[in-house]
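# coords please:
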Amino acid sequence: MDEGCARGPEQVELTGMAAASAFGRGTDPLLAAAFEGRAAFGPVRRFDVTGRRTNAAAAMPGSPVLSTELAHAVDEACDAAGLTAAARAACPLFLAVHGDPELGRSKPEDLAEHTSGAFAARLARRCGLSDSVRVYTSACVAATSAVADASAMIARGRASRVVVAAGYLVEPDQFALFDAGRALAADGRVRPFSAGRSGLLLGDGIAAVVLESAGAARRRRVPALARMAGWGRSGDGYHVCRPRPDGSGLARAATAALRRGGIGAERVGYVNAHGSGTRHSDAAEAAALYDALGEYAAAVPVSSSKSVHGQALEAGGLLELVVSVGALRAGRLPVNAGHLGPDEACRLNLILRRPLRFAGEYLLSLNVAFGGANTALLVGAP
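Next up, the predicted model:
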């Protein structure tokens, strides 16, 4: 069901962001790899992958701890936004996460301490945020759904600011699930929209952003990094795993984002696509872009940053938003890495070999999830 297009009186701005990925902590190494088209995929060493079809992922070295990485990202984003301790204490946390990693190892009497809600509450306390938390676990649209909800609250004057955080670390159960479903790329590379693409690869992703009203940012004299101009969501429920082939569900989400932003398709200068690298999903997304953007779909530059940092599930959409905002600010567009050749089912203006100059006014960041959930975020310069 499509979300309505009423926006609200407040302009929503992004004033701080942080990320960690297989390229390390910080947005700079992530953006550098995205602009270079330098993928982070390599053999998994965090757990045993003996007997799996694929042994590759984009993983941080060592054994990172999800709660620690999330706390670091939230602190960094809040510091970048110039939030005082008092401002933090009044700020809700919207967290996109697969769950507390300790849940499966807990005793029955301790399970209540390791729910997703309890995990989010501990993170909020650790970072000095308010006790108002929301948790999103809806896979690849979890983080973008959190961003859309936070933006709607701010736009309608129901909150001055919200911290949105998301985290996923590649772990054995999800790796085994995707491998058993033959969804992982057998050749160890993600090749969005390319001929010969063979699937997705998982990747570590941690990200946090501070969203607030333009008025609140102005009163604090903090410059915005970007403007959340629009957002849209839809559900089509076509199939448990496969997307609707004509992409109409994702097209509705993108159209809703454009309507909320009050702009036409001709003003979109870049699409950071979901681009999972799977045969059916990429073809459906290409169809969705033609449905939503019409004649402009063939010209607008498109890439998927998953081609370098992998599929971070619940954290993927927020990691991609960080890449998109970084591209907007740098005036450069990330490369669609891993491309082997054109596919007639994906007739898009892919960014290949080198980054392009960003010549538009707005960009779209798209995500889809199993079960037919679709999100679109429209981002503009502040």
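
# could you use CA atoms for every contact and neighbour count after this?
Will do.

# which ones are touching the residue nearest to residue 332 when sequence neighbours are not counted?
Counting by C-alpha to C-alpha, 6 or more residues apart in numbering, residue 332 lies nearest to residue 357, which is 4.6 Å off, once chain neighbours are set aside. By C-alpha atoms under 8 Å, 6 or more residues apart in numbering, the residues touching residue 357 are 331-333.

# any idea how far residue 357 lies from residue 328?
10 Å (C-alpha to C-alpha, to the nearest Å).

# before we move on, what about residue 23?
For residue 23, the distance to residue 328 - C-alpha to C-alpha - is 20 Å.

# where does this structure dip in pLDDT?
Across the chain, the ranges flagged by pLDDT under 70 are 1-7, 106, 109-111.

# can you map out the helices along it?
27-36, 66-80, 85-89, 116-126, 142-155, 172-180, 214-220, 248-261, 279-293, 306-309, 316-330 (DSSP state H).

# using JSON lines, lay out those together with mean neighbour count.
Listed next are these as JSON lines, based on neighbours: other C-alpha atoms under 10 Å:
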{"stretch": "helix 27-36", "mean neighbour count": "20"}
{"stretch": "helix 66-80", "mean neighbour count": "21"}
{"stretch": "helix 85-89", "mean neighbour count": "16"}
{"stretch": "helix 116-126", "mean neighbour count": "20"}
{"stretch": "helix 142-155", "mean neighbour count": "26"}
{"stretch": "helix 172-180", "mean neighbour count": "15"}
{"stretch": "helix 214-220", "mean neighbour count": "15"}
{"stretch": "helix 248-261", "mean neighbour count": "26"}
{"stretch": "helix 279-293", "mean neighbour count": "23"}
{"stretch": "helix 306-309", "mean neighbour count": "30"}
{"stretch": "helix 316-330", "mean neighbour count": "25"}
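
# out of the contacts of residue 357, which are buried?
Neighbour-count burial (16 or more other C-alpha atoms under 10 Å) is assigned, among the contacts of residue 357, to 332-333.

# can you pick out the ones from the contacts of residue 357 that are in strands?
Secondary structure from DSSP state E places 332-333 of the contacts of residue 357 in strands.

# pick the one among the contacts of residue 357 closest to residue 244.
Nearest to residue 244 out of the contacts of residue 357 is residue 333 (C-alpha to C-alpha; 28.2 Å).

# about what we covered before: which one of the contacts of residue 357 is nearest residue 188?
Looking across the contacts of residue 357 and measuring by C-alpha to C-alpha, the closest to residue 188 is residue 333, at 24.0 Å.

# tell me the contacts of that closest one?
Residue 333 sits next to 35, 270, 327, 351, 355-358 when contact means C-alpha under 8 Å, 6+ apart.

# quick one, phi/psi of residue 274?
phi -60, psi -50 (degrees, to the nearest 10).

# now do the one 4 residues further on
Phi and psi for residue 278, reported as degrees, to the nearest 10, are phi -100, psi 150.

# nearest residue to it in space, please, no chain neighbours.
residue 199 (4.3 Å).

# quick one: the one you found and residue 275 touch, right?
No - with contact defined as C-alpha atoms under 8 Å, residue 199 does not reach residue 275; the gap is 10.2 Å.

# neighbour-wise, which of these two wins?
residue 275 (29 against 23; other C-alpha atoms under 10 Å).

# for that one, give its distance to residue 65.
Distance from residue 275 to residue 65, by C-alpha to C-alpha: 28 Å.

# picking up where we left off before, can you list the contacts of residue 357 in CSV and add distance to residue 47?
Shown next, in CSV, are those (distance: C-alpha to C-alpha, whole Å):
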residue, distance to residue 47
331, 39
332, 36
333, 34
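
# tell me how far the ends of stretch 49-66 are from each other?
Terminal-residue distance, stretch 49-66 (C-alpha to C-alpha): 21 Å.

# nope, stretch 186-199 is what I was after
Termini of stretch 186-199 sit 7 Å apart (C-alpha to C-alpha).

# contacts for it, please.
For stretch 186-199, the surrounding residues in contact (C-alpha under 8 Å, 6+ apart) are 41-42, 53-57, 183-185, 200-201, 275-279, 282-283, 303-304, 306-308, 310, 336-343, 346.

# stretch 170-180 too?
46-48, 52-54, 57, 59, 184, 202-204, 312.

# was I right about residue 17 contacting residue 323?
No - using C-alpha under 8 Å, residue 17 makes no contact with residue 323, being 10.2 Å away.

# and the residue nearest the centre of the chain, what is it in contact with?
The residue lying closest to the centre of the chain (C-alpha atoms, centre = their mean) is residue 317, at 1.1 Å. By C-alpha under 8 Å, 6+ apart, the contact set of residue 317 is 140-144, 365-367.

# now compare these and name the two farthest from each other.
So, these by C-alpha to C-alpha: farthest apart are 142 and 365, at 13.7 Å.

# going through the contacts of stretch 170-180, which ones are buried?
Buried, going by 16+ other C-alpha under 10 Å: 53-54, 57, 59, 184, 202-204, 312, out of these.

# from the residues you listed, which single one is nearest residue 98?
Distances from residue 98 to the buried ones among the contacts of stretch 170-180, taken by C-alpha to C-alpha, are shortest for residue 312, at 10.2 Å.

# now the closest one: phi and psi?
The phi and psi values for residue 312, taken as degrees, to the nearest 10, are phi -100, psi 20.

# which residues touch it?
By C-alpha under 8 Å, 6+ apart, the neighbours of residue 312 are 140, 167-170, 202-205.

# for residue 241, which of the helices of the chain is the nearest?
Counting by C-alpha to C-alpha, residue 241 lies closest to helix 279-293 out of the helices of the chain; the figure is 9.6 Å.

# ok, and what's touching the closest one?
Contact with helix 279-293 is made by 192-193, 197-199, 242-252, 254-255, 265-266, 273-276, 296-298, 345-348, as judged by C-alpha under 8 Å, 6+ apart.

# which of those are buried, as a ChimeraX select command?
Selection of buried members from those for ChimeraX, criterion 16+ other C-alpha under 10 Å:
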select :192,193,197,198,199,243,244,245,246,247,248,249,250,251,252,254,255,265,266,273,274,275,276,296,297,298,345,346,347,348
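
# thanks again, I'm all set now.
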